[in-house]
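1. no sequence for this one, just the structure:
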Ligand SMILES: Cc1ncc(COP(=O)(O)O)c(C=O)c1O
């Protein structure tokens, strides 16, 4: 059985899932998205991702396409139809279909809703985590509202491609003061020389990662020291460990920054422990 997508009220074969050419997401990047990790066919960190979806939409004055309860049912049905246990749910809402014009359509168009489900090979993901990944740095060049999870991702696309061409997995944006803001699709962390965890505070222009938030709770419960304080790429290289977090990467050790080894250049115990604890927590609370 092939993949099934949800498009504006209908489940359709993935290959035939299309939106109108005047969808404002397609023409203007006028929309938002959200991604949930699936554990045993259930949504990880469900509440956090729904809350951020509602906030992103409200910041852009786009209506929720349906209630959170109804949306949960549709997502569950999409997961069921795709028979995916371990994977990702991608959900996108745009300001709908209207003749191209930068201002909001009058009268408002119904928001467009697309949901896709993809499979993740968790064994391969674990093998990757055990080896660690490299990141490259790139100048921060995004707009001033990175707290909104908008589908307008061109700087992130170019940053990710830069990483790929350098044989790295992720790119870290670095601001004018030399501090890492976040990854192209993840939040950035280090374990500094004193064993203290550090990640950028959310007053900075970054996405409030749901995985980041849950991990902060886990870290607190473990009694580890943590500071929401910026770090430079040099500090990451001098740190004991580094890692990234996100619904796609979960908690993923970083062993090199711009080709320079982080600490001793090996995957560290703190990142791997936090990965295990995060996954345990996400599995236990998935709905
Ligand atoms: C720019 C950016 N930062 C951080 C994250 C991590 O967020 P979350 O943990 O909610 O997936 C993402 C996820 O896609 C992202 O795109």
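-> Sure thing, it's come through. For clarity, every value in this text was computed on a predicted model and none was experimentally measured. Numbering: from 1, shown residues only.
2. and the strands in the stretch 151-287 of the chain?
-> Counting by DSSP state E, counting those that start in this stretch, the stretch 151-287 of the chain has strands at residues 170-174, 180-183, 187-191, 197-199, 226-228, 241-246, 250-257, 260-261.
3. partners of the first one in the sheet?
-> Meaning strand 170-174. strand 133-139 (parallel), strand 180-183 (antiparallel) (DSSP bridges).
4. minimum distance to residue 91: which of those has it?
-> Closest of these to residue 91 is strand 180-183, at 20.7 Å (criterion: Cβ to Cβ). (Each C-beta comes from the backbone N, C-alpha and C, glycine too.)
5. around the ligand, pick out the residues from the protein.
-> Selection of the chain residues close to the ligand by Cβ under 6 Å from any ligand atom yields 35, 182, 185-187, 207, 209-212, 245-247.
6. can I get those in a markdown table with distance to residue 262, neighbour count and pLDDT?
-> Below are the residues of the chain next to the ligand laid out as a markdown table (distance: Cβ to Cβ, whole Å; neighbours: other Cβ atoms under 10 Å; pLDDT from 0 to 100):
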| residue | distance to residue 262 | neighbour count | pLDDT |
| --- | --- | --- | --- |
| 35 | 26 | 17 | 98 |
| 182 | 17 | 28 | 98 |
| 185 | 19 | 20 | 98 |
| 186 | 15 | 27 | 98 |
| 187 | 16 | 25 | 98 |
| 207 | 23 | 21 | 98 |
| 209 | 20 | 27 | 98 |
| 210 | 25 | 26 | 98 |
| 211 | 20 | 24 | 98 |
| 212 | 19 | 24 | 98 |
| 245 | 16 | 28 | 98 |
| 246 | 18 | 22 | 98 |
| 247 | 23 | 24 | 98 |
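7. tell me who's in contact with the residue nearest to residue 245 when sequence neighbours are not counted.
-> Among residues not flanking residue 245 along the chain, residue 211 sits closest, at 4.2 Å (Cβ to Cβ, 6 or more residues apart in numbering). Under the criterion of Cβ atoms under 8 Å, 6 or more residues apart in numbering, the neighbours of residue 211 are 45, 187, 245-247, 250-251, 278.
8. among those, which one sits closest to residue 95?
-> residue 247 (23.8 Å).
9. wait, the closest one touches residue 33, no?
-> No - taking contacts as Cβ atoms under 8 Å, residue 247 lies outside contact range of residue 33: 11.0 Å.
10. follow-up on the earlier one: nearest to residue 126 among the contacts of residue 211?
-> Of all those, residue 126 sits closest to residue 250, with 9.8 Å by Cβ to Cβ.
11. run through the residues that contact the closest one.
-> By Cβ under 8 Å, 6+ apart, the contact set of residue 250 is 37, 125, 129, 211, 275, 278-279, 282.
12. one more time with 10 Å, if that's ok
-> Residues near residue 250 by Cβ atoms under 10 Å, 6 or more residues apart in numbering: 37, 39, 44, 120, 122, 125-126, 129, 186, 211, 215, 243-244, 274-276, 278-279, 282.
13. state the helix or strand in which residue 110 lies.
-> Remark: residue 110 resides in no helix or strand, with elements defined by DSSP states H and E.
14. how about the nearest residue to residue 185, chain neighbours excluded?
-> Nearest non-adjacent residue to residue 185 (Cβ to Cβ, 6+ apart): residue 246, at 5.9 Å.
15. next, format the strands of the stretch 151-287 of the chain as a markdown table and append distance to residue 24.
-> Converted to a markdown table, these look like this (distance: least, Cβ to Cβ, whole Å):
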| stretch | distance to residue 24 |
| --- | --- |
| strand 170-174 | 26 |
| strand 180-183 | 26 |
| strand 187-191 | 28 |
| strand 197-199 | 33 |
| strand 226-228 | 35 |
| strand 241-246 | 26 |
| strand 250-257 | 32 |
| strand 260-261 | 42 |
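16. so which of those strands is nearest residue 83?
-> Nearest of the strands of the stretch 151-287 of the chain to residue 83, taken as Cβ to Cβ: strand 250-257 at 21.9 Å.
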